[in-house]
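Q: my questions concern the predicted model and sequence given below.
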Amino acid sequence: MKRRFSFLPIVIVALLFFSLNAYFLSGLTTINSSTWLSPIVWVVAIGLMFALIYAIRTFSAQGINRFFQIIVHAFLIVFAAELIFAVFLLLGDVFRFLFSIPSHFTVAGYETMARSSYWIDFAFIMFCLTVVLFIYGITRGKYAYRVIKHTLFFDDLPASFDGFTLTQISDVHAGSFTNPAAVQKGIDLINAQKSDLFVFTGDLVNNASSEIVPYIGHFSQIKAPFGQFSVLGNHDYGDYIKWPSELDKAKNLQQLKNYHNDLGFRLLLDEHVVLEKNGDKIILVGIENWGIGFGERGDLNKALKGTANNDFKILLSHDPSHWDAQVKNYPSKIQLSLAGHTHGMQFGIEAFGIKWSPVKYRYKHWAGIKTENGRYLNVNRGFGFLGFSGRIGIWPEITVIELKKGEKG
């Protein structure tokens, strides 16, 4: 598919980038007045901008390639680092303006206020820290798997399932992987949890079913006593690339479903299965992708047909917006829903009591456990990555949930 190249967005980005670069340079020259500094900074900025334009043009004709990834990520690192520097620089400038700190030099005939070299030094440290964080996120952070454990209490949990554990991953996006050895470490960590049940909540690939082929040997190692189950995510349907025909698109989806079987995953398509233990049972329900703005394919009524209102149910549904729209108030109680989709935007902070990511402005529940109306939702932060080939602050997640009978003590 040949994509249309639009020049206007490039002009806007270039103007923003060059304006940011000029402001960044104005601060940098406060602590280093060398005559060579300004030309070097501008040569780097202009060179990076032209390289970005060329990379986007090649992407329009050929799709994502290695050169495109390198240039886009280099541009992102420089832009983000300069933006952080500029934010601190602006704070200092506003402070000096408000408190009328005396000036000591002029620009274009206008008197300007003195900048503290100590504050500029701090801004530059933040610039360097941003570069380091992005490089770490791209090289190591995207494979820095972590296990997050939750213990959830239910009055209506069948007694035999008290202490039952499940492991959830989501959003593999196999087409983005470049390090099979690192992926294998994630697989080993999944198996090390020794959970009773394994579930995968969608987006096995970015677009094409063939993306998972190199990793079938990895993910097929995942085993659990009560089985491995999966659902589809929005990317699995191949909606984001152009196919030669609708038949080719349908064949791709069918092949992806076959690959789920090759992985040892039982793919649930608007259906449920019964898990039994010592005469007790819980219902595991899986629906096709249902997400506001990402296709509302799933049929919850169909998936629950034949179940009773008092059955204990666990729902696999890729997009957390489904929980707000249908699940949390569904007449037949669904005690636990498991979703993914958001990736936590692969960027944010979860430390020192702070939990923030830009994705919060799109999704009400974007990571972790949410409870409402006597029902739980867990949103997994994703096992893989997409778009930005890295993770900063929001690390790839393996969720382990233990079900307990009774009220939380």
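A: Here it is on my side, so go on. Quantities reported herein were computed from a predicted structural model and do not represent experimental measurements. Numbers count the residues shown, from 1 in each chain.
Q: would you map the helices across the stretch 101-250 of the chain?
A: Assigned by DSSP state H, counting those that start in this stretch, the stretch 101-250 of the chain shows helices spanning 117-139, 180-192, 216-219, 246-263.
Q: for the stretch 251-400 of the chain, same thing?
A: For the stretch 251-400 of the chain, helices defined by DSSP H, counting those that start in this stretch occupy the ranges 300-304, 321-322.
Q: picking up where we left off before, ranking the helices of the stretch 101-250 of the chain by burial, who's on top?
A: helix 216-219 (a mean of 18; mean count of other C-beta atoms under 10 Å). Glycine gets a C-beta too; all of them are placed from N, C-alpha and C.
Q: and stretch 267-283, how far from the chain's centre?
A: Distance of stretch 267-283 from the chain centroid (C-alpha atoms, centre = their mean, to the nearest Å) equals 29 Å.
Q: what of stretch 239-250?
A: Chain-centre distance of stretch 239-250: 25 Å, with C-alpha atoms, centre = their mean.
Q: contact partners of it?
A: Stretch 239-250 is contacted from outside by 1, 206-208, 238, 252, 295, using C-beta atoms under 8 Å, 6 or more residues apart in numbering.
Q: restricting to C-alpha, output it in PDB.
A: What follows is stretch 239-250 as a C-alpha-only set of coordinates in PDB (Å, rounded to 0.1, in the frame of the first residue of the first chain):
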ATOM      1  CA  ASP A 239      -7.900  -3.300  10.100                       C
ATOM      2  CA  TYR A 240      -4.900  -1.000  10.000                       C
ATOM      3  CA  ILE A 241      -3.300  -2.000   6.700                       C
ATOM      4  CA  LYS A 242      -4.800  -2.300   3.200                       C
ATOM      5  CA  TRP A 243      -5.200  -5.800   1.900                       C
ATOM      6  CA  PRO A 244      -5.300  -6.900  -1.800                       C
ATOM      7  CA  SER A 245      -8.800  -8.000  -1.200                       C
ATOM      8  CA  GLU A 246     -11.300  -8.700   1.500                       C
ATOM      9  CA  LEU A 247     -10.700 -12.400   0.900                       C
ATOM     10  CA  ASP A 248      -7.000 -11.900   1.800                       C
ATOM     11  CA  LYS A 249      -7.900 -10.100   4.900                       C
ATOM     12  CA  ALA A 250     -10.300 -12.900   5.900                       C
END
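Q: so which elements touch the helix or strand that contains Phe75?
A: For Phe75, the element it lies in under DSSP states H and E is helix 66-98. When contacts are defined as 3 or more C-beta pairs under 8 Å, 6 or more residues apart in numbering; DSSP states H and E, helix 66-98 sits against helix 7-31, helix 37-62, strand 110-113, helix 117-139.
Q: now the last one: how far from the chain's centre is it?
A: Relative to its chain's centre, helix 117-139 lies at 23 Å (C-alpha atoms, centre = their mean).
Q: now for it, which elements pack on it?
A: In this structure, helix 117-139 makes packing contacts with helix 7-31, helix 66-98, judged by 3+ C-beta pairs under 8 Å, 6+ apart.
Q: just these: most buried one?
A: For those, the largest average neighbour count (mean count of other C-beta under 10 Å) is found in helix 66-98, namely a mean of 17.
Q: quick check: the nearest residue to Phe164 once chain neighbours are set aside vs Lys333, distance?
A: Excluding the flanking residues, the one nearest Phe164 by C-beta to C-beta, 6 or more residues apart in numbering is Leu403, at 4.7 Å. Per C-beta to C-beta, to the nearest Å, Leu403 is found 15 Å from Lys333.
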